[in-house]
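Student: Only the shape, not the letters, is given here:
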């Protein structure tokens, strides 16, 4: 071959090599960045070109589905058959507003693009099957969820029920809520109107208040203070604490921390928990000191920013030792669930669950299993159950169980007991800012029929005419009763 031909051949080879490198760089190296571009309509069209996987409850109730839309560009429409009942769990999948909550966090499973589904997708391609996404089954039980919805009866608040022994979340509902079908509509005008209406509402109905908002827990936090007092060995269940039954005169503050309903009938931990005496538990928290109280709050899951179920959970807060300093009044208030103590309703349920489970808090989880389009289960939540923390010793948990049963038998929750159920509870009425009604709390656990359940209910009302009538047992107790019975198969 002469020199000119060799040069032409080499030049052609370099051109071909350059083309191969360039095309591979575009299709492999830069593929994800091109996919992620907002203006890339191909990705959006593809997402609605085939049916997305279903989202189901543990009992098989479909709460998110895809149906043919009849459109040329977007062939499938995301729908939510139970409308607002699960909106703050499923979120939405929308052409104009992207995705939220489970639809976002588990997008790969539902779209069928997760690596766990690659083999199933490859086999479907070989056999000529149409593309579709995988199904996600949650731990939520529809009967328990419906009991929570019916119990709140349109009032603002949150309900969480979970299995203390596994961490599986059986119900999670917050109100105000919304219907995601509008924002998920393939019709741009409908979706835009629904999105704007949602954004304009000040009470944030698109926020899952059960896990994404913090509230003062009030007296339900006394469970944590009691655990710290018992587990540290500084106090006993029925021994005298040395507190004043009338009020706690906080040293160096000139302030007396009063009880809501007059003198406490006893200053021991058991009696004071049953009657929810602020003077006793404020005194006990201050005596334990900031180091002990902060340490036990952390054991219960406070100040942990990493909790996911897999939805992200807002961090529940108890003040650090440094922030408390020498502020005895602040520590006393924090120890009765006021001051700077803040919890999510999920965290409140975890507190109750720790007592029911011998002091061990299990990692809460929401996903039961993920099933690939070919029916192969690629993920099981039960395979990933694990302890989150040991909040207290089993002996301390047993003592607290006795104390919380006494709250139901002889204390502030005595009208909320359920025959045939081993039940412990704690009520709470959490004070908020000036001009705001207190929050009503009720946390409990129960066992029957070989099952255990822990429940937290928080109810809020802005009606000033009922301010003096608000109580944990009266406002939140009936909902907790209904949820507990549904979860234990007694409703």
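Tutor: Arrived safely, thanks for sending. On a predicted model such as this, the values are computed, not experimentally measured, just so you know.

Student: Pull out the buried residues from stretch 311-327.
Tutor: For stretch 311-327, the neighbour count (16 or more other Cβ atoms under 10 Å) marks 311, 313-319, 324, 327 as buried. Backbone N, C-alpha and C define where each C-beta goes, glycine included.

Student: my bad, stretch 478-491
Tutor: Buried residues in stretch 478-491, counted by 16+ other Cβ under 10 Å: 478-488.

Student: likewise stretch 155-162?
Tutor: In stretch 155-162, counting by 16+ other Cβ under 10 Å, buried: 156-162.

Student: So what touches that stretch?
Tutor: For stretch 155-162, contacts defined as Cβ atoms under 8 Å, 6 or more residues apart in numbering pick out 144, 148, 151-152, 168-176, 203, 209-210, 345-346, 348-350, 353, 364, 453-462, 476, 479-480, 483-484, 487.

Student: Restricted to helices, list those residues.
Tutor: 144, 148, 151-152, 209-210, 345-346, 348-350, 353, 479-480, 483-484, 487 (DSSP state H).

Student: hmm, which of those residues are the buried ones?
Tutor: Taking 16+ other Cβ under 10 Å as the criterion, what is buried in the ones in helices among the contacts of stretch 155-162 is 144, 148, 151-152, 209-210, 345-346, 348-350, 353, 479-480, 483-484, 487.

Student: Am I right that residue 201 is in contact with residue 194?
Tutor: No. Residue 201 is not in contact with residue 194 according to Cβ atoms under 8 Å; the separation is 11.4 Å.

Student: Neighbour count: those two, which is higher?
Tutor: Neighbour totals were compared for residue 201 and residue 194, and residue 194 leads with 23 against 11 (other Cβ atoms under 10 Å).

Student: Leaving out sequence neighbours, find the closest residue to the more buried one.
Tutor: Once flanking residues are discounted, residue 194 sits nearest to residue 182: 3.0 Å by Cβ to Cβ, 6 or more residues apart in numbering.

Student: Just to check, that neighbour is in contact with residue 189?
Tutor: No. Using Cβ under 8 Å, residue 182 makes no contact with residue 189, being 10.7 Å away.

Student: of these two, who's got more company?
Tutor: residue 182 (20 against 8).

Student: what about the more buried one, distance to residue 77?
Tutor: Computed as Cβ to Cβ, to the nearest Å, the residue 182 to residue 77 distance reads 12 Å.

Student: what do you get for residue 413?
Tutor: Per Cβ to Cβ, residue 413 is found 47 Å from residue 77.

Student: residues touching the residue nearest the centre of the chain, list them.
Tutor: Of all residues in the chain, the one closest to the mean position by Cα atoms, centre = their mean is residue 211, 3.7 Å from it. With contact set as Cβ under 8 Å, 6+ apart, residue 211 has these partners: 172, 309, 311-314, 344-346.

Student: need these in JSON lines with pLDDT, can you?
Tutor: Converted to JSON lines, the contacts of residue 211 look like this (pLDDT from 0 to 100):
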{"residue": "172", "pLDDT": "98"}
{"residue": "309", "pLDDT": "97"}
{"residue": "311", "pLDDT": "97"}
{"residue": "312", "pLDDT": "97"}
{"residue": "313", "pLDDT": "98"}
{"residue": "314", "pLDDT": "98"}
{"residue": "344", "pLDDT": "98"}
{"residue": "345", "pLDDT": "98"}
{"residue": "346", "pLDDT": "98"}
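
Student: between the residues you listed, which is nearest residue 368?
Tutor: Relative to residue 368, the closest of the contacts of residue 211 is residue 309; by Cβ to Cβ it sits at 12.2 Å.

Student: contacting residues for that closest one?
Tutor: Residue 309 neighbours (Cβ under 8 Å, 6+ apart): 169, 211, 346, 364-366.

Student: want to try TSV for the residues you listed, with distance to residue 252 as columns?
Tutor: Converted to TSV, the contacts of residue 309 look like this (distance: Cβ to Cβ, whole Å):
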residue	distance to residue 252
169	44
211	38
346	36
364	40
365	45
366	46
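
Student: which residues in the stretch 101-250 of the chain form strands?
Tutor: In the stretch 101-250 of the chain, the segments counted as strands under DSSP state E, counting those that start in this stretch are 135-138, 156-162, 169-175, 247-250.

Student: Then the stretch 251-400 of the chain?
Tutor: Along the stretch 251-400 of the chain, counting by DSSP E, counting those that start in this stretch, strands occupy 255-258, 360-362, 367-371, 377-380, 387-390.

Student: Export those strands to TSV and append columns for mean neighbour count, mean pLDDT and distance to residue 83.
Tutor: Shown next, in TSV, are the strands of the stretch 251-400 of the chain (neighbours: other Cβ atoms under 10 Å; pLDDT from 0 to 100; distance: least, Cβ to Cβ, whole Å):
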stretch	mean neighbour count	mean pLDDT	distance to residue 83
strand 255-258	16	94	46
strand 360-362	21	98	31
strand 367-371	21	97	22
strand 377-380	16	94	27
strand 387-390	15	97	33
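
Student: right, and those strands - which one's nearest residue 96?
Tutor: Across the strands of the stretch 251-400 of the chain, closest to residue 96 is strand 367-371 (Cβ to Cβ), at 26.9 Å.

Student: From the rest of the structure, what touches that closest one?
Tutor: Contacts of strand 367-371 (Cβ under 8 Å, 6+ apart): 53, 58, 106, 109, 114, 116, 134-139, 168, 310, 377-382.

Student: 6 Å - rerun?
Tutor: Identification of contacts with strand 367-371 by Cβ atoms under 6 Å, 6 or more residues apart in numbering yields 58, 109, 134-139, 377-381.

Student: and if you look at stretch 225-244?
Tutor: So stretch 225-244 is in contact with 267-270, 273, 279-281, 283-285, 288, 292-293, 296, 335, 392-393, 396, 399, going by Cβ under 6 Å, 6+ apart.

Student: These in helices, which ones?
Tutor: 269-270, 273, 279-281, 283-285, 288, 292-293, 296, 335, 396, 399.

Student: closest to residue 444 among those?
Tutor: Nearest to residue 444 among these, with distances taken as Cβ to Cβ, is residue 273, at 13.5 Å.

Student: In three-state terms, label the closest residue to the closest one other than its chain neighbours for me.
Tutor: Take residue 273 and drop its neighbours on the chain: the residue closest to it by Cβ to Cβ, 6+ apart is residue 403, 5.0 Å away. What DSSP: H, G, I helix; E, B strand; the rest coil gives for residue 403 is helix.

Student: hang on, residue 403 packs against residue 270?
Tutor: Yes. Residue 403 lies in contact with residue 270 (Cβ atoms under 6 Å); the separation is 4.9 Å.

Student: More neighbours: which of these two?
Tutor: Applying other Cβ under 10 Å to residue 403 and residue 270 shows that residue 403 carries more neighbours, namely 27 against 22.

Student: any weak-confidence spans in the stretch 301-450 of the chain?
Tutor: Within the stretch 301-450 of the chain, not a single segment meets pLDDT under 70.

Student: Now distance to residue 421 too, for the strands of the stretch 101-250 of the chain, in CSV please.
Tutor: Formatted as CSV, these follow (distance: least, Cβ to Cβ, whole Å):
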stretch, distance to residue 421
strand 135-138, 25
strand 156-162, 14
strand 169-175, 16
strand 247-250, 35
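
Student: For residue 446, which of the ones you listed is the nearest?
Tutor: Evaluated over the strands of the stretch 101-250 of the chain, closeness to residue 446 peaks at strand 156-162, with 10.4 Å, by Cβ to Cβ.

Student: Quickly run through the sheet partners of the closest one, with directions.
Tutor: strand 169-175 (antiparallel), strand 451-460 (antiparallel) (DSSP bridges).
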